[in-house]
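Chemist: give me the fold of what follows.
(one chain, ligands or ions: 1)
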Amino acid sequence: MRSDRHPGGIRSRGLRTLAVPKPIIAAPRRGLLVAALVLAGAAPTAHALYDPAKEYVETPPVAARYPDPPIDIPTPAFKPGRTDFTSQEELIAFIEGLAARSADLRVRILGLSQEQRAIPLLIFARPAVADGGEIAKNGKPTVLMIGQQHGNEPAGGEAALALADELSANPGAQVLDHVNVLIVPRANPDGAYHFVRGLKNGADVNRDHLLLGTPEGQALGRVFVQYQPEVVLDCHEFGVKLRWFEKFQSLQKYDALIQYATVSNLPRPITDASEQVFRQPLLRAFADAGLTQSWYYTSSYNMNDRTVSMGGVVPDTGRNIAGLRNAVSFLLETRGVGIGRAHYKRRVYTHLTAIHSILASTARNAGALLALERQVRQEVATAAGQGELIVSSAAATTRHTLDFIDPQTGDDRQVEVDWRSALDIETRLKRSRPIGYLLPVSEIRAARRLRDLGATVLRLAEDASIPVERYRLTRADESRKDDVRRNDEDAPTNVVQIATAVEPAVVAAHRGDFYVPLDQALANVVAAALEPETQSSYAANRVLSLPRFDAGQVTFLPLYRLPARPNAAALVWDGSAP
Ligand SMILES: [Zn+2]
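Modeler: From the prediction side, this is the model:
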């Protein structure tokens, strides 16, 4: 059953102008915790497949640099004597306990993983409500914390449970007077069970935020569509030894690596707020807590490639897509992959320090943040048909000095590396920003994905001749998806590298064809999906049906851009959803 908030079947003359559209959403699988427990019982049971024998053990001088903080964390993995991580059954039971004692908490099951494990969403709001539309009316900004998109990065998920425990405390956390808090403690429960990075099918859910090709990606998509969070914190862990040791004979040093959204077409006020309102206080919070931090960086698993890159500039990660959804969005990573339980309390404490700072900044700036959000959404929508759209870009290459530690002595060590900076994005291709896109009725798969992202998608109610720009294919090569980290244990993702020439035409459009206006707040998400040249695009990933390319033939994509507002009198739009 789908709840369709868009007026179905209406016919209106001219292009519909929707500055801030109501999302067209698919209702989530409504489940009770009881149902989740039953489902969890049906899945492979009990403790995860984490094997401490496979993990790296630091030398005593290295380990001594990371003392545990003197705090108690009341989550399952910190019960006395525990040597592994919180299981799915413990996670569900823990959440049930919180729900029983907190008046501010509602719990929903967002969906099921590929191995049928429940993915819970915790909704803290005062007064308590579960529905996104209701929360939007309470006049407070909403912060979303996502844990464990990668199964072998448990500290973010544990911190999510610890935060939920704090917010459930009686008489209740004061921050809920100013902020709504959403928590997805475990976005990838199958990966957590198998203690691997990827999903059951090997895909990386943190590269699925635009494509929504996995059940787990779709579950997270529903949170964004239904709750439209103003602030997003995506919690991960980074590798301590693997490839840093092989390439630089060193171990990672910092407690935390952080980065906000860095992607083309991101509204400037979002970046400014991320830096001034959130990152600066966050750096002070880390320093006050005795924790070290740096910008996030990673490196390829190709041991001959010594380039170190900041987090990517491609519109596919949770961090970047949340930014294009006009949210302030942070990636937070702690020093934890490959060292098992070592420093686990410190790693969870690092995430908690960050989320406390982010919540405090949100609460302090609640009104300004909501106003900024309204303004940015409006500006993105009104930019339709004006100016330029960046289609593809790359991080600039420079040199950078990295701080590592010596694996034996634990001493500081500096290494100069080739560095790709996501703070300096170079444009590779840009085009005029269209007023919208037209998709033939045959492309219903792409239309549905856009709808799942929360974009407004309309249908043509009558046949019409429409002046458009069409995409002539000039190149379509199968290739492996390029990623700043490129992990060989991940399933390789094949994409089609596409190049096109855009040329004017008049298309005979038909009743039922899809029109995706850019005068909507999600315009930059829509453009990321539909402009074909990036490796994240619907064409590159064959969500759009890709014609057979033959260099000797003239071939067009089943996709058109509308360069300007057409003669409105000729067009009738049907608002029913695809
Ligand atoms: Zn991760």
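
Chemist: ok, the top strand by length along the chain: who's next to it in the sheet?
Modeler: In the chain, taking DSSP state E as the definition, the longest strand is strand 412-432. Strand 412-432 has the following sheet partners, assigned by DSSP bridges: strand 308-310 (parallel), strand 388-405 (antiparallel).

Chemist: got the CA coordinates for the last one in CSV?
Modeler: Backbone C-alpha positions of strand 388-405 (Å, rounded to 0.1, in the frame of the first residue of the first chain) are rendered in CSV as follows:
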residue,chain,number,x,y,z
GLU,A,388,24.6,26.3,-14.9
LEU,A,389,24.6,22.8,-13.5
ILE,A,390,27.9,21.0,-12.8
VAL,A,391,27.6,17.6,-14.4
SER,A,392,30.9,16.1,-13.4
SER,A,393,33.9,17.1,-11.3
ALA,A,394,37.0,15.8,-9.5
ALA,A,395,38.9,16.6,-6.4
ALA,A,396,42.0,18.7,-7.0
THR,A,397,45.4,17.0,-6.6
THR,A,398,47.9,18.6,-4.3
ARG,A,399,50.5,17.6,-1.7
HIS,A,400,49.7,17.1,2.0
THR,A,401,51.6,16.1,5.1
LEU,A,402,49.9,13.3,7.1
ASP,A,403,50.4,12.4,10.7
PHE,A,404,50.9,8.7,11.4
ILE,A,405,52.4,6.7,14.2
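
Chemist: for Ile119, helix, strand, or coil?
Modeler: strand (DSSP: H, G, I helix; E, B strand; the rest coil).

Chemist: wait, doesn't it sit right on Gly217?
Modeler: No. In this structure, Ile119 is not within contact of Gly217 by C-beta atoms under 8 Å, at 10.9 Å. To be clear about C-beta, it is placed using only N, CA and C from the backbone, and glycine gets the same treatment.

Chemist: skipping its backbone neighbours, what lies nearest the residue of the stretch 51-200 of the chain found nearest the ion in space?
Modeler: Evaluated by C-beta to the ion, the stretch 51-200 of the chain has His150 as its residue closest to the ion, separated by 3.6 Å. Of all residues not flanking His150 in the chain, Arg197 sits nearest, at 4.5 Å (C-beta to C-beta, 6 or more residues apart in numbering).

Chemist: can you verify the one you found is assigned to a helix?
Modeler: No. Assessed with three-state DSSP, Arg197 is coil; it does not lie in a helix.

Chemist: check it and give its pLDDT.
Modeler: Per-residue pLDDT puts Arg197 at 95.

Chemist: that one reaches Gln148, doesn't it?
Modeler: No. When contacts are counted by C-beta under 8 Å, Arg197 is not listed as touching Gln148 (10.4 Å).

Chemist: more neighbours: which of these two?
Modeler: Gln148 (29 against 21; other C-beta atoms under 10 Å).

Chemist: ok, that one touching Pro185?
Modeler: Yes. Using C-beta under 8 Å, Gln148 is in contact with Pro185, at 7.0 Å.

Chemist: what sits in contact with each of those two?
Modeler: 157, 160 (C-beta atoms under 8 Å, 6 or more residues apart in numbering).

Chemist: show me where the stretch 401-550 of the chain has helices.
Modeler: 444-452, 523-530 (DSSP state H, counting those that start in this stretch).

Chemist: restricting to C-alpha, output the shortest one in CSV.
Modeler: If I follow you right, that is helix 523-530. The C-alpha coordinates for helix 523-530 follow below in CSV (Å, rounded to 0.1, in the frame of the first residue of the first chain):
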residue,chain,number,x,y,z
ALA,A,523,16.5,19.5,-8.1
ASN,A,524,20.2,18.8,-7.4
VAL,A,525,19.4,15.2,-6.5
VAL,A,526,17.4,14.8,-9.7
ALA,A,527,20.2,16.3,-11.8
ALA,A,528,22.7,14.0,-10.2
ALA,A,529,20.5,11.0,-11.2
LEU,A,530,19.7,12.1,-14.7
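
Chemist: after that helix, which helix or strand is next?
Modeler: strand 556-562 (DSSP states H and E).

Chemist: which strand or helix spans the residue nearest to His351 when sequence neighbours are not counted?
Modeler: Excluding the flanking residues, the one nearest His351 by C-beta to C-beta, 6+ apart is Ala159, at 3.4 Å. Following DSSP H and E, one finds Ala159 within helix 155-167.

Chemist: may I see the buried residues of that helix?
Modeler: 155-167 (16 or more other C-beta atoms under 10 Å).

Chemist: now swap in stretch 266-274 and tell me
Modeler: Buried residues in stretch 266-274, defined by neighbour count with 16+ other C-beta under 10 Å: 266-267, 270-271, 273-274.

Chemist: restricted to helices, list the residues you listed.
Modeler: Applying DSSP state H to the buried residues of stretch 266-274, the entries found in helices are 270-271, 273.

Chemist: would you list these in CSV and tack on pLDDT and distance to the ion?
Modeler: Output for these, formatted as CSV (pLDDT from 0 to 100; distance: C-beta to the ion, whole Å):
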residue, pLDDT, distance to the ion
Ile270, 98, 22
Thr271, 98, 22
Ala273, 98, 24
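
Chemist: I'd like those residues as CSV, with distance to Tyr301 appended.
Modeler: Listed next are those as CSV, based on distance: C-beta to C-beta, whole Å:
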residue, distance to Tyr301
Ile270, 31
Thr271, 30
Ala273, 34
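
Chemist: which of those residues lies closest to Pro127?
Modeler: If you rank those by distance to Pro127 using C-beta to C-beta, Ala273 comes first, at 27.8 Å.

Chemist: the closest one contacts Leu372, correct?
Modeler: Yes. Using C-beta under 8 Å, Ala273 is in contact with Leu372, at 6.0 Å.

Chemist: before we move on, the earlier item: surely the residue of the stretch 51-200 of the chain closest to the ion and His236 touch.
Modeler: Yes. Counting by C-beta under 8 Å, His150 does reach His236; the two are 6.0 Å apart.

Chemist: need the residues touching each of these two.
Modeler: Contacts common to His150 and His236, judged by C-beta under 8 Å, 6+ apart, are Asn206.

Chemist: please name the nearest non-neighbouring residue to Leu211.
Modeler: Nearest one to Leu211, counting by C-beta to C-beta, 6+ apart, is Asn541 at 5.6 Å.

Chemist: so what's the one you found up against?
Modeler: Taking C-beta under 8 Å, 6+ apart, one finds 211, 213, 495-496, 535 in contact with Asn541.

Chemist: by neighbour count, which of those residues wins?
Modeler: Neighbour counts for the contacts of Asn541 peak at Leu211, which has 24 neighbours (criterion: other C-beta under 10 Å).

Chemist: wait, a helix at that one?
Modeler: No. Using three-state DSSP, the assignment for Leu211 is coil, not a helix.

Chemist: quick one, grab the pLDDT at it.
Modeler: Value for Leu211, per-residue pLDDT: 96.

Chemist: phi and psi next, for the residue of the stretch 301-450 of the chain found nearest the ion.
Modeler: Closest residue of the stretch 301-450 of the chain to the ion, C-beta to the ion: Glu333 (6.8 Å). Phi and psi for Glu333, reported as degrees, to the nearest 10, are phi -130, psi 140.

Chemist: my guess is it meets Leu257, correct?
Modeler: Yes. Applying C-beta under 8 Å, one finds Glu333 in contact with Leu257, separated by 4.4 Å.

Chemist: what touches both of those two?
Modeler: Joint contacts of Glu333 and Leu257 (C-beta under 8 Å, 6+ apart) are 238, 296.

Chemist: between those two, which is the more surrounded one?
Modeler: Glu333 (31 against 23).
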